[in-house]
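Undergrad: Provide a 3D model corresponding to the input given below.
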Amino acid sequence: MKVKVKSDYELVQEFVNGSQESIELLINRHKSKVYTYIVLIVKKEQLAEDIFQDTFIKVINSLKEGRYKDNGRFLSWVIRIAHNLIIDHFRKEKQLNTISNDNYETDLFNSYKMSDKNIEDHLIQDQIEVDIKKLINQLPEDQKEVILLRHYGELSFKEIAEQTNVSINTALGRMRYALINLRKLIEKYDISLTVR
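TA: Down below sits the predicted model:
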């Protein structure tokens, strides 16, 4: 017997109508992607946790005030809120262009598809993820940002353009150059990105 999984929209409606459990389900459903996105940019776990908390406080307040219009992209909306809070933080700290390269522990490509792999495959996958993190961190900031927004924030190029105040063509161009640069780095360091 299959249990119907409620959509984000249904959970939002239930929360607006007073169900505390619904917001907990929404947060648990998306916390891994939101937290990973934040920590990839700020590089500090304590700061990432603070921004993560602030993000969901803002989400809850916006939902209560009726400021969320569902377009089937709840996660993108949450990532946009997180992104804006990150920018606000760096503006306050006057560090927009001096993001630290501290080491951090987080699962960049958190994938449920890995459940049928053996331990060797998991170890190789873990190494691939570490390699990809290092490569992404070597990209220019504008290229790194578009990769994070697109692949981890799941934003469309239109949304990325709006978030970063550039044209869609510029956002697409940054992604193109980011992929070209990643390929060059993969060749330069002779990295294999396949499990088998």
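
Undergrad: Walk me through the domains of the protein.
TA: As recorded under automatic domain parsing, the domains making up the chain are 1-106, 107-196.

Undergrad: Out of these, name the one with the poorest average pLDDT.
TA: Here the lowest mean pLDDT among the domains of the chain goes to domain 107-196, at a mean of 78.

Undergrad: got a list of what Lys58 touches?
TA: Counting by CB atoms under 8 Å, 6 or more residues apart in numbering, Lys58 touches Ile81, Leu85. Every C-beta, even on glycine, is put in place using the N, C-alpha and C of the backbone.

Undergrad: give me the element the residue nearest to the spatial centre of the chain is part of.
TA: Closest residue to the average C-alpha location of the chain: Tyr37 at 3.0 Å, with CA atoms, centre = their mean. In the assignment (DSSP states H and E), Tyr37 maps to helix 20-42.

Undergrad: Which stretches in this protein count as helices?
TA: Per DSSP state H, the chain carries helices over the ranges 8-16, 20-42, 45-64, 74-93, 119-137, 141-147, 157-164, 168-188.

Undergrad: Now the first one - C-alpha only, CSV.
TA: Pointing back at helix 8-16 there. Provided in CSV are the C-alpha atoms of helix 8-16 (Å, rounded to 0.1, in the frame of the first residue of the first chain):
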residue,chain,number,x,y,z
ASP,A,8,5.5,21.3,-1.0
TYR,A,9,2.4,23.3,-1.9
GLU,A,10,0.1,21.0,0.2
LEU,A,11,2.5,21.3,3.2
VAL,A,12,2.6,25.1,2.8
GLN,A,13,-1.2,25.3,2.8
GLU,A,14,-1.4,23.1,5.9
PHE,A,15,1.1,25.3,7.7
VAL,A,16,-0.7,28.5,6.8
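
Undergrad: shift numbering so it begins at 29
TA: Sure, I'll start counting at 29 from here, so that last one is helix 36-44.

Undergrad: what residues does that helix touch?
TA: Applying CB under 8 Å, 6+ apart, the external contacts of helix 36-44 come out as 34, 49-51, 53-54, 57, 91-92, 94, 96, 98, 100, 102-103.

Undergrad: switch to 6 Å and redo it
TA: Helix 36-44 is contacted by residues Ser50, Ile51, Leu53, Leu54, Leu91, Asp98, Phe102 when judged by CB atoms under 6 Å, 6 or more residues apart in numbering.

Undergrad: Report the inter-axis angle for that helix versus helix 102-121.
TA: With axes from the mean of the first three to the mean of the last three CA atoms, to 10 degrees defining the directions, helix 36-44 sits at 70 degrees from helix 102-121.

Undergrad: Show me what counts as buried in helix 36-44.
TA: For helix 36-44, burial by neighbour count (16 or more other CB atoms under 10 Å) applies to Asp36, Leu39, Val40, Glu42, Phe43.

Undergrad: Highest neighbour count among the contacts of helix 36-44?
TA: Neighbour tally across the contacts of helix 36-44 (other CB atoms under 10 Å): the maximum, 23 neighbours, falls on Leu54.

Undergrad: List the residues that contact it.
TA: Leu54 touches Leu39, counting by CB under 6 Å, 6+ apart.

Undergrad: I am finished for the moment; much appreciated.
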